[in-house]
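Novice: Sequence and predicted structure below; questions after.
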Amino acid sequence: MRSKALGRLIGASLIGFATALTALTAWAAEPIRIGSVLSVTGPAAFLGEPELKTLQLYIERINAQGGVIGRKLELVHYDDGSVAGKANAFTKRLIESDKVDLIVGGTTTGSTMAMVPLVEAARIPFISLAGAVVVVEPVKKWVFKTPHTDRMAAEKVFEDMKKRGITKVALLSETSGFGQSGRKETLASAPKYGIEIVADETYGPKDTDVTAQLTNIRNTPGVQALFVFGFGQGPAIVTKNYGQLGMKLPMYQSHGVASEEYIKLSGPAANGVRLPAAAVVVADKLPQEDPQREVVVAYKKAYEERYKEPISTFGGHAYDGLMIAVDAIKRAGSTDKEKVRAAIESTRNYMGTGGLVNMSPKDHMGLDLTAFRMLEIRNGDWVLVD
Amino acid sequence: MLAEFIQFLFSGITIGSIYALAALGFGIIYNASGVINFAQGEFIMLGGMSAVVLTAAGLPLPLAILVAVAVVAVVGLLLEKLAIEPARNADIVALIIITIGVSLVLRGLVQVLFGKNTRALPAFSGEQALHLLGATILPQSLWVLGTTVVIVAALAWFFGRTRFGKGMLATSYNRLAAQLVGINTRRILLAAFGLSAVLGAVGGILITPITYTSYDAGIMLGLKGFVAATVGGLGSGVGAIVGGLLLGITEAMTAGYVSSAYKDAVAFVLILLVLFFMPRGLFGAKVSERV
């Protein structure tokens, strides 16, 4: 009997102690919970992996400097394996059981669009890292994004073509989601620049030879330039076949291939290729007076020191997403969701890795064409052409 | 006009010989066991990837090729020993599902060990295109086509003229009967996996200068190779070449003369037609169904 009473006493005091402890930690400032669903594995892993690494790196750094508004940041992360359905389920978990304060991420357009209805209903600020225009058009109250859109890429290319007096263009797009969205935007924005698409060919993302399509493009009457819209190995094979056929047509690629890997894979055939890209790609080559130089060089240094691998524009998008969120929380002075949302929407003159961001109630991306640099590949290296 | 046609043809030959090479590997294991090895695409990827990694580590190309082939052969043998043999009394569908599982494991391992980037291998005889009647082809495509022909000839000799090869065929027709006449069927199956792993590796190394490689390259190669093998007739060497070239040239001609948007659709319609009228493929053996 005695031992039972004693046991009860110990049990009760343990419970009391535990309660006191939790109360104590809660009082010592609750962390700001940043939710994230990224495609760290699966086909979109090359996007999601640098994004996650960037978030982890910078949340660590911010915490080492004392956090934001006196509170630490805490990353709650799930990997959707590049499957949109999973992104939806994980977002529900972030909102309902993790009770996050805001969400950064949604790597692909598919994942992002699967997350949108949930964040809109739960009224949680959401900064997406996906490319397509549809994320912010029409404007959704709680949804923002940091990457450039495919429409901007097409317009930047047309701007450059116009300068060179090119008006008749052959389009070769990939049958992937990225390529087909790019094709749509390219066809839609061509008339605005007085450009006529005289050939409209496609290739599959895993195709091993596209000389047939290129032969048809070469034989199209009046064609003055070739514009390829795709990413990964496809554009490299296009470039190699272009060299094999000895084509002299000026070739443009999209921002999808703005990586060292593309140059390495395509070899000498890539010389002369032009493409729009974010400043991150040419961080070292930006002139000293360039207003974006400081931020991209700092990001490059931090990332490459930590992970011993080259930076990519994609990791940069995550950097921008996190920094815009942190900046908004500082200005809001709290994590009140409506206040943070309003603060994100009023982001002005934020210089990120993607370019100068000026959000407004009508524009939840805030980038203009100056965010893209026109690059040319010369002797296996990037050169700024404007 | 002619130059155009020849260019489309060359494009088709380039694509088709890659499919043919991928298709060959399916035949050996199928001949020995009736199993369709869905990890065949991963053998191809592993061959290319190992060669890339080894050359990047500083090995000269010929040595890297030999080591890569050996590595993949070991993987093939291990696959048989560790995954297929313990389940050898299961029915064929179960074994096929095991190979799918193995393909996922291999893909995952390569992704973790070597990363997710696309990798390239230098061409064996340079990148300078060969010109013929106004059309161009890369020398590497000829390497692929030539090796495929050599391999088919070697396989025909192996299955038709050697004791071991005949034993393999006998095992596939009736394992019990083969055992009764003294064939070591366990060793046959082990050899079949080793041999098709070697074939896959050789194929993967040959095509990587054209197609590049990445951890997930095996999915497409396995799928297209399987289709080519089915059209040509599973288990037939000549069938693999004809099936692969037919598929590749149809794709290229459709892309050239009709529209690149329809090239996969036309190729698949063609396959349906072939299988509709010749369910065992163009060169498939006429085997009566075992009941």
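Specialist: Noted; the coordinates are in hand. Numbering: from 1, shown residues only, chains lettered A, B, ... in the order given.

Novice: And the next helix or strand past the lowest-mean-pLDDT helix or strand in chain A?
Specialist: For chain A, counting by mean pLDDT, DSSP states H and E, helix A:2-27 ranks last in confidence among helices and strands (a mean of 54). If you walk from helix A:2-27 toward the C-terminus, the next helix or strand you reach (DSSP states H and E) is strand A:32-38.

Novice: what is the orientation angle of whatever helix or strand comes next after that next one with strand A:32-38?
Specialist: Later in the chain than strand A:32-38, the nearest helix or strand by DSSP H and E is helix A:45-64. Using axes from the mean of the first three to the mean of the last three Cα atoms, to 10 degrees, one finds that helix A:45-64 and strand A:32-38 are set 170 degrees apart in direction.

Novice: Near chain B, which residues of chain A? Just list them.
Specialist: If contact is defined as Cβ under 8 Å from any Cβ of the partner chain, the residues of chain A in contact with chain B are A:41, A:43, A:45-46, A:49, A:175, A:201-204, A:206-213, A:215-216, A:219, A:232-233, A:236-237, A:240, A:243-246, A:261, A:264-265, A:267-268. (C-beta placed from N, C-alpha, C; glycine too.)

Novice: Kindly supply the ChimeraX command isolating those of these that are buried.
Specialist: Command for ChimeraX, covering only those of those found buried under the criterion 16 or more other Cβ atoms under 10 Å in any protein chain shown:
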select /A:41,43,45,46,49,175,201,202,203,204,206,207,208,209,210,211,212,213,215,216,232,233,236,237,240,243,244,245,261,265,267
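
Novice: In strands, which of the residues of chain A next to chain B appear?
Specialist: Under the assignment DSSP state E, the residues of chain A next to chain B contribute A:201-203 to strands.

Novice: how about those residues in TSV, adding pLDDT?
Specialist: Written out in TSV, the entries for those read as follows (pLDDT from 0 to 100):
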residue	pLDDT
A:E201	92
A:T202	92
A:Y203	92
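
Novice: how distant is stretch B:209-227 from the center of its chain?
Specialist: Here stretch B:209-227 is found 9 Å from its chain centre; the criterion is Cα atoms, centre = their mean, to the nearest Å.

Novice: Could I have the CA atoms of it written out in PDB?
Specialist: Coordinates of each C-alpha in stretch B:209-227 appear next as PDB, following Å, rounded to 0.1, in the frame of the first residue of the first chain:
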ATOM      1  CA  PRO B 209      28.200   9.900 -76.000                       C
ATOM      2  CA  ILE B 210      25.000  10.400 -78.000                       C
ATOM      3  CA  THR B 211      22.200  10.400 -75.400                       C
ATOM      4  CA  TYR B 212      24.000  11.500 -72.200                       C
ATOM      5  CA  THR B 213      23.100   9.600 -69.100                       C
ATOM      6  CA  SER B 214      21.500  10.300 -65.700                       C
ATOM      7  CA  TYR B 215      20.200   8.200 -62.900                       C
ATOM      8  CA  ASP B 216      16.800   7.900 -64.500                       C
ATOM      9  CA  ALA B 217      18.000   7.300 -68.100                       C
ATOM     10  CA  GLY B 218      17.100   3.600 -67.800                       C
ATOM     11  CA  ILE B 219      13.400   4.200 -67.700                       C
ATOM     12  CA  MET B 220      13.100   5.400 -71.200                       C
ATOM     13  CA  LEU B 221      15.700   3.000 -72.600                       C
ATOM     14  CA  GLY B 222      14.100   0.100 -70.900                       C
ATOM     15  CA  LEU B 223      10.700   1.000 -72.100                       C
ATOM     16  CA  LYS B 224      11.700   1.700 -75.700                       C
ATOM     17  CA  GLY B 225      14.000  -1.300 -75.700                       C
ATOM     18  CA  PHE B 226      11.100  -3.500 -74.400                       C
ATOM     19  CA  VAL B 227       8.800  -2.200 -77.100                       C
END
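
Novice: need the residues of the stretch 151-291 of chain B near chain A, please.
Specialist: By Cβ under 8 Å from any Cβ, the part of the stretch 151-291 of chain B that sits against chain A consists of B:207, B:210-212, B:214, B:216-217, B:219-220, B:252-253, B:255-256, B:260-261, B:263-264.

Novice: which sections of the chain are below the confidence cut-off?
Specialist: Assuming you mean chain A. Low-confidence regions of chain A, defined here as pLDDT under 70, cover residues A:1-28.

Novice: right idea, wrong chain: chain B
Specialist: Residue ranges of chain B with pLDDT under 70: B:285-291.

Novice: Show me the strands in it, by range?
Specialist: For chain B, the strands defined by DSSP E cover B:130-132, B:135-137.

Novice: Mind listing the strands the last one pairs with, and their directions?
Specialist: Right, the one you point to is strand B:135-137. The strands that strand B:135-137 pairs with in its sheet are strand B:130-132 (antiparallel) (by DSSP bridges).

Novice: Pull the residues that contact the strand it pairs with.
Specialist: Contact with strand B:130-132 is made by B:6, B:10, B:136-139, B:142, as judged by Cβ atoms under 8 Å, 6 or more residues apart in numbering or on different chains.

Novice: try stretch B:246-261
Specialist: Stretch B:246-261 is contacted by residues A:175, A:201-203, A:209-213, A:215-216, B:4, B:7-9, B:11-20, B:224, B:227-228, B:231-232, B:262-264, B:266-267, B:270-271 when judged by Cβ under 8 Å, 6+ apart.

Novice: same thing with stretch B:113-124?
Specialist: Defining contact as Cβ under 8 Å, 6+ apart, one finds that stretch B:113-124 is touched by A:45-46, A:49, A:232-233, A:236, A:261, A:264-265, B:48-49, B:51-53, B:55-56, B:61, B:138-140, B:143, B:205, B:208-210, B:212-215.

Novice: Among these, name the ones in helices.
Specialist: With helices taken from DSSP state H, the overlap with the contacts of stretch B:113-124 comprises A:45-46, A:49, A:233, A:236, A:261, A:264-265, B:48-49, B:51-53, B:55-56, B:61, B:139-140, B:143, B:205, B:208-210.

Novice: and the residue of the stretch 251-386 of chain A nearest chain B?
Specialist: A:L265 (5.1 Å; Cβ to the nearest Cβ).

Novice: what sits against the residue lying closest to that residue once chain neighbours are set aside?
Specialist: Once flanking residues are discounted, A:L265 sits nearest to A:A236: 3.8 Å by Cβ to Cβ, 6 or more residues apart in numbering or on different chains. Counting by Cβ under 8 Å, 6+ apart, A:A236 touches A:257, A:262, A:265-266, B:118, B:212.
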